[in-house]
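Enquirer: Sequence first, predicted coordinates after that:
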2 protein chains.
Amino acid sequence: MTDAAPVPPTSLPAEFPTSIDPPARLLMGPGPISAYPSVLRAMSAPLVGQYDPFMTATMTETQELYRAVWATGNEATLLVDGTSRAGIEAAIFSLVRPGDRVLVPVFGRFGHLLAEIAERALAEVHTIETDWGQVFAPSVIEEAIVRVRPTLLALVQGDTSTTMNQPLEDIGEICRRHGVLFYTDATASLGGNAFEADAWGLDAATAGLQKCLGGPSGSAPITLSPRAVEVIRSRTKVEAGIREPGDASSPDFVRSNYFDLGQILDYWGPRRLNHHTEATSMLYAARECARVLLLEGRDAVIARHALAGRAMLAGVEALGLAVFGDVAHKMSNVVAVEIPDGVPGDAARAVLLEDFGIEIGTSFGPLHGRVWRIGTMGYNARKDAVLTTLAALEAVLRRFGAPVPAGGGVEAAADVFAAGAAARAVPAPEGP
Amino acid sequence: MTDAAPVPPTSLPAEFPTSIDPPARLLMGPGPISAYPSVLRAMSAPLVGQYDPFMTATMTETQELYRAVWATGNEATLLVDGTSRAGIEAAIFSLVRPGDRVLVPVFGRFGHLLAEIAERALAEVHTIETDWGQVFAPSVIEEAIVRVRPTLLALVQGDTSTTMNQPLEDIGEICRRHGVLFYTDATASLGGNAFEADAWGLDAATAGLQKCLGGPSGSAPITLSPRAVEVIRSRTKVEAGIREPGDASSPDFVRSNYFDLGQILDYWGPRRLNHHTEATSMLYAARECARVLLLEGRDAVIARHALAGRAMLAGVEALGLAVFGDVAHKMSNVVAVEIPDGVPGDAARAVLLEDFGIEIGTSFGPLHGRVWRIGTMGYNARKDAVLTTLAALEAVLRRFGAPVPAGGGVEAAADVFAAGAAARAVPAPEGP
């Protein structure tokens, strides 16, 4: 073995790759979507060292920005270095001990994912399910809590697989009453729909950048209540190699090093205890996502998503497309439309992508081949993005023989934007 | 709780943050180091959708590039979306079942980390240790394998905590002879020192971008032999929500969803089964790191690191600094020097950072306060970076009262570079 010639056994690609040069794309699917240009620019900023005063100040500043995004006073507000799924796993693995009961109300694919991850944590997982396209009444969740008596309720807020937005306002109080920790996955909803971590009584919430926050996948914002931090701290394990006298380790340690939020908190906190090497460019991206959101204003961004979502909804309906699910409980940033009879869903999406550079989404599980999902989120929750998408969609539907009213979708959406602009233009009551 | 006012409980920072604008830094520590400018530029490229033909082609192309970087024909060559530590956890959690015996030879902090992560995977962990600053003879590792009879040998290649580079050439054959899987953590060494995944008989190897590959932390290249893939495939669990008829699940599943390499392989492979949403910008970065390395040439890059490392070594010795550890087994890309008596290590590093914009590294564990670590890696394995660092270090040492020969460090290093250039300038033998 050791006398093998030290040359790579695989040759280079015949045409050596050039620097990355992606095609122009308007990403109007359920995410990832086109990032804010300033977020892309932030990632090309030079690196600094892991303990550079600028680095630690940037981490602290990013925590402060995300407290405002989450609407929380939680000290434990930080980033997990991975995709949104990494944030979910960090929350569940750190909060749930093997054998703990976890209740997951499932109203789409991502509820199944929470259950799956809790299974990997060796929890005793209980699910309740509702039809795809619906959400749960708080009373149904409370009944299940009373029956299951879980340690943790894990509940998706916005499930892109069905476009539904589960109301959370009353769930925290129910959990508190029954002594249950309340975790939500807000990946698809945060920044485009109301979210109030403290007012709603959340103990843990996680997200990703690639939806309404308008960044790339790869960093997972997370916030943890003092109650959640207490559970995590009770499971402390300081790793050999950096352990110091007085550092106790619990036998009940988190079954992951990378996702042990206790260690990650020590790295983000004043102790700055080395754990991973913070992903600097993704930190820059996450910071910029929060910064542009707060610069525009949290309420203003949510209102912009609501307006773009209403316009897209009016547009697809005016094109004659049936909307899937309970529209009253739809996330503002994505709509699912039934693919018209006779139109091959994937072929039509391919034409939209190849001829117009516009991406809309396919679907998972029971909805696969039945609906398309169209997003209006982050940077792309904009009038021009909505109208362009509707114009192109009309053209593609016509090419595949679907009966579509000429210009109807664009006009209906433009009317919604015009009404929105008029509403904003109402003069304020005159002052003294 | 629900009648709380829907406004963020924390206010925005008094001075609202501007777009990110890091200070100028020459990062000459043990990593992260200053990224190649083209890698920073690659990250500002626009996003595309998760299943865009350009995206899947870029993933495939990146796999091909990393096969050349690792010197392997392994089909299972891909990225884990997280820092280098995420790659380690994915390898160990996917290859090790609870109760399996794992042998970790520890020659620095990162050996302790491998042991720690194997403990989290509930393995029966056995370690052997050598003094910091030394490496293991293959016979010592073989004796321990015979005694412990592990499922997996987990061995760091380059441990930045001590700067040592463990020879791996003979270890794969030993592992094969005893039926042991062979994993190495090449985070600190890959790209700056010889690495031959196939010729050395590796079953799994992981790395990060932030060392010799010259990128930001946040993506972990990994390669897996067919033997490793077989172990991983025997533990398949397809998650509910995307499970299809015929998808069996093993009761012996990996105790992580995010790090289940079986699922990650299905996402990177022809099945393209949805798992996480690939971190697009970090994919672009990882691709560019491999591209610039292969464009310069793998052997040329390793030779450049060797030359810069020899120059820095000559420079610090000429400044009168004692070098820590077994220099014959040092990684080419980092050197540890003893802090001279009377010089306050952290204060001197702070002056180097604040007055010269140059970062060198502190140390962990038994070496903390005793040595500095100075890196020459990736983009910064360059003559100007080495000479500038030595000139600034000389000035700082003098300011703190250490006796240093004027210009000695710079001259000694410049001589090494001149000799390197002369060696390269030897004319080739004349052809016919």
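Expert: Sure, I can see it.

Enquirer: and A:Val148, how many neighbours does it have?
Expert: Other residues within reach of A:Val148, judged by other CB atoms under 10 Å in any protein chain shown, total 18. C-beta: built from backbone N, CA, C; applies to glycine.

Enquirer: My read is that it contacts A:Leu103, right?
Expert: Yes. The pair A:Val148 / A:Leu103 is scored as a contact, 4.9 Å apart, by CB atoms under 8 Å.

Enquirer: what touches both of these two?
Expert: Both A:Val148 and A:Leu103 are contacted by A:His126, under the criterion CB atoms under 8 Å, 6 or more residues apart in numbering or on different chains.

Enquirer: is it true that A:Thr184 lies in a strand?
Expert: Yes. Counting by DSSP: H, G, I helix; E, B strand; the rest coil, one finds A:Thr184 located in a strand.

Enquirer: give the contact list for A:Asn333.
Expert: A:158, A:188-189, A:192-193, A:211-212, A:305, A:308-309, A:375-377, A:381.

Enquirer: Please tell me how far it sits from chain B.
Expert: A:Asn333 sits 16 Å away from chain B, going by CB to the nearest CB, to the nearest Å.

Enquirer: Please apply the same query to A:Pro403.
Expert: 28 Å.

Enquirer: Wasn't that residue part of a helix?
Expert: No. A:Pro403 is assigned coil when assessed by three-state DSSP, not a helix.

Enquirer: before we move on, back to that, please identify which of the contacts of A:Asn333 is nearest to chain B.
Expert: A:Lys211 (9.6 Å; CB to the nearest CB).

Enquirer: Please tell me the pLDDT value assigned to that closest one.
Expert: A:Lys211 is assigned 98 on the pLDDT scale.

Enquirer: again, but for the one 4 residues further on
Expert: Among the per-residue scores, A:Gly215 shows a pLDDT of 98.

Enquirer: Give me the distance between the residue lying closest to it once chain neighbours are set aside and A:Leu224.
Expert: Leaving aside its sequence neighbours, A:Gly215 sits nearest to A:Leu209 (CB to CB, 6 or more residues apart in numbering or on different chains; 3.2 Å). To A:Leu224, A:Leu209 is 19 Å away according to CB to CB, to the nearest Å.

Enquirer: Could you check how far the nearest residue to A:Leu224 once chain neighbours are set aside is from A:Trp268?
Expert: Once flanking residues are discounted, A:Leu224 sits nearest to A:Ala76: 3.9 Å by CB to CB, 6+ apart. To A:Trp268, A:Ala76 is 8 Å away according to CB to CB.

Enquirer: Equivalent analysis for A:Asp260, please.
Expert: 13 Å.

Enquirer: can you check A:Thr376 too?
Expert: Relative to A:Trp268, and taking CB to CB, A:Thr376 is found at 33 Å.

Enquirer: Looking at these two, which one has more neighbours?
Expert: Taking other CB under 10 Å, A:Thr376 and A:Trp268 do not tie; A:Thr376 has more neighbours (31 against 23).

Enquirer: Dump stretch A:155-164 to PDB, restricted to CA.
Expert: Extracted in PDB, the C-alpha atoms of stretch A:155-164 (Å, rounded to 0.1, in the frame of the first residue of the first chain):
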ATOM      1  CA  LEU A 155     -44.300  22.400  17.000                       C
ATOM      2  CA  VAL A 156     -43.600  23.800  13.600                       C
ATOM      3  CA  GLN A 157     -44.800  27.400  13.100                       C
ATOM      4  CA  GLY A 158     -44.800  27.600   9.300                       C
ATOM      5  CA  ASP A 159     -44.600  24.400   7.400                       C
ATOM      6  CA  THR A 160     -43.600  25.100   3.800                       C
ATOM      7  CA  SER A 161     -44.800  21.600   2.700                       C
ATOM      8  CA  THR A 162     -48.400  22.800   3.200                       C
ATOM      9  CA  THR A 163     -47.900  26.600   3.400                       C
ATOM     10  CA  MET A 164     -49.800  26.600   6.800                       C
END
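
Enquirer: what's the spacing between it and its chain's center?
Expert: Counting by CA atoms, centre = their mean, to the nearest Å, stretch A:155-164 is centred 10 Å from the centre of its parent chain.

Enquirer: so where's the stretch 201-350 of chain A shaky on pLDDT?
Expert: A:240-242 (pLDDT under 70).

Enquirer: Tell me the residues on it that lie near chain B, please.
Expert: A:201, A:208, A:210, A:216-218, A:239-242, A:253-260, A:274-282, A:284-285, A:287-288, A:291, A:294-295, A:298 (CB under 8 Å from any CB of the partner chain).

Enquirer: From these, list just the buried residues.
Expert: A:201, A:208, A:210, A:216-218, A:239-242, A:253-260, A:274-282, A:284-285, A:287-288, A:291, A:294, A:298 (16 or more other CB atoms under 10 Å in any protein chain shown).

Enquirer: Next secondary structure after the longest helix along chain A?
Expert: Longest helix in chain A, counting residues (DSSP state H): helix A:298-318. Per DSSP states H and E, the first helix or strand lying C-terminal to helix A:298-318 is strand A:334-338.

Enquirer: any idea of the pLDDT on the spatially most central residue of chain A?
Expert: Closest residue to the average C-alpha location of chain A: A:Thr187 at 1.8 Å, with CA atoms, centre = their mean. On pLDDT, A:Thr187 comes in at 98.

Enquirer: In three-state terms, how would it be classified?
Expert: coil.

Enquirer: What of A:Val104?
Expert: Going by three-state DSSP: A:Val104 is strand.

Enquirer: these two touch, right, it and A:Val148?
Expert: No. The pair formed by A:Val104 and A:Val148 falls short of the contact definition of CB under 8 Å, at 10.0 Å.

Enquirer: Mutual contacts of these two, please.
Expert: A:His126.

Enquirer: before we move on, the earlier item: which residue sits closest to the residue nearest to the centre of chain A, ignoring its sequence neighbours?
Expert: Closest to A:Thr187 by CB to CB, 6+ apart is A:Ser84, at 4.1 Å.

Enquirer: before we move on, back to that, which of A:Leu209 and A:Leu224 has more neighbours?
Expert: A:Leu209 (33 against 29).

Enquirer: so who does that one touch?
Expert: A:Val39, A:Gly215, A:Pro216, A:Ser217, A:Gly218, A:Ser219, A:Pro221, A:Ala285, A:Ala286, A:Cys289.

Enquirer: before we move on, the earlier item: sec struct for the residue nearest to A:Gly215, please.
Expert: Taking three-state DSSP, the label given to A:Leu209 is coil.

Enquirer: Setting aside sequence neighbours, what's the nearest residue to A:Asp159?
Expert: A:Asp159 sits nearest to A:Gly108 (CB to CB, 6+ apart), 3.4 Å away.

Enquirer: what's the distance between that neighbour and A:Gly208?
Expert: From A:Gly108 to A:Gly208 the distance is 16 Å (CB to CB).

Enquirer: give me phi/psi at A:Ala348?
Expert: phi -70, psi -40 (degrees, to the nearest 10).

Enquirer: Touching, it and A:Arg398? I think so.
Expert: No. The pair A:Ala348 / A:Arg398 is not scored as a contact, 10.7 Å apart, by CB under 8 Å.

Enquirer: All good on my end, thank you.
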